[in-house]
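> sequence unknown, structure follows:
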């Protein structure tokens, strides 16, 4: 696959699951999200608009979702390519949200991840980076996968 040389091809189970999710997305996309058309089932680019009456109203963001070979048994890698200022989103686009890591469940879908991210953004009241942003980003150079990071979920209110 072009652009995914480091990724292993999807298993048959993963490809079938993603095709099913894509069909469902096309029929009932989550409100506020728009998947950009692509030929690569393994990498989705999703545009998202800030919710009206929140601090992100009128802003536009973009997510990149890369699916591993054994999806949904393994979580996808989800990053913001255009990250909002948020206490749980690093300037390199990495997201501190437990369902993307140790709290992942195969029952979760791309749509449910999007809804969780929208909720995380909508409930935020302060536009700021995480307190450890600079140190974290410095330690993630060379495009390190956020799933390789040991997260310390220091705030479970958001």
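Arrived safely, thanks for sending. This is a predicted model, so every value here is computed, not measured. Numbers count the residues shown, from 1 in each chain.

> Let me see the contact set for the spatially most central residue of the chain.
For the chain, the residue nearest the mean C-alpha position is residue 78 (2.9 Å; CA atoms, centre = their mean). Residue 78 makes contact with 63-65, 95, 100, 113, 117, 146, according to CB atoms under 8 Å, 6 or more residues apart in numbering. To be clear about C-beta, it is placed using only N, CA and C from the backbone, and glycine gets the same treatment.

> Of these, which is the most crowded?
Compared across the contacts of residue 78, residue 117 has the highest neighbour count, 27 neighbours, by other CB atoms under 10 Å.

> what comes into contact with the helix or strand hosting it?
Element membership for residue 117, per DSSP states H and E: helix 110-122. Helix 110-122 is contacted from outside by 21, 24-25, 28-30, 32-33, 44, 46, 48, 50-51, 54, 56, 63, 65, 76, 78, 84, 86, 88, 95, 97, 99-100, 158, using CB under 8 Å, 6+ apart.

> What about these, which are in helices?
Members of the contacts of helix 110-122 lying in helices (criterion: DSSP state H): 21, 24-25.

> and the helix or strand of the chain with the lowest mean pLDDT, how far out from the chain's middle?
The weakest-scoring helix or strand in the chain, judged by mean pLDDT, DSSP states H and E, is helix 133-139 (a mean of 87). Remark: helix 133-139 is offset 19 Å from the chain centroid, using CA atoms, centre = their mean, to the nearest Å.

> Buried residues, it. List them.
133, 136-137 (16 or more other CB atoms under 10 Å).

> before we move on, the earlier item: list only buried entries from the contacts of helix 110-122.
21, 25, 30, 32-33, 44, 46, 48, 50-51, 56, 63, 65, 76, 78, 84, 86, 88, 95, 97, 99-100.

> Which per-residue confidence value corresponds to the closest residue to residue 9 other than its chain neighbours?
Leaving aside its sequence neighbours, residue 9 sits nearest to residue 69 (CB to CB, 6 or more residues apart in numbering; 6.7 Å). The model reports residue 69 with a pLDDT of 95.

> check contacts around residue 69.
Taking CB under 8 Å, 6+ apart, one finds 7-11, 14 in contact with residue 69.

> Out of the residues you listed, which sit inside helices?
residue 14.

> Can you read off the pLDDT for residue 39?
Reading off the model, residue 39 has pLDDT 88.
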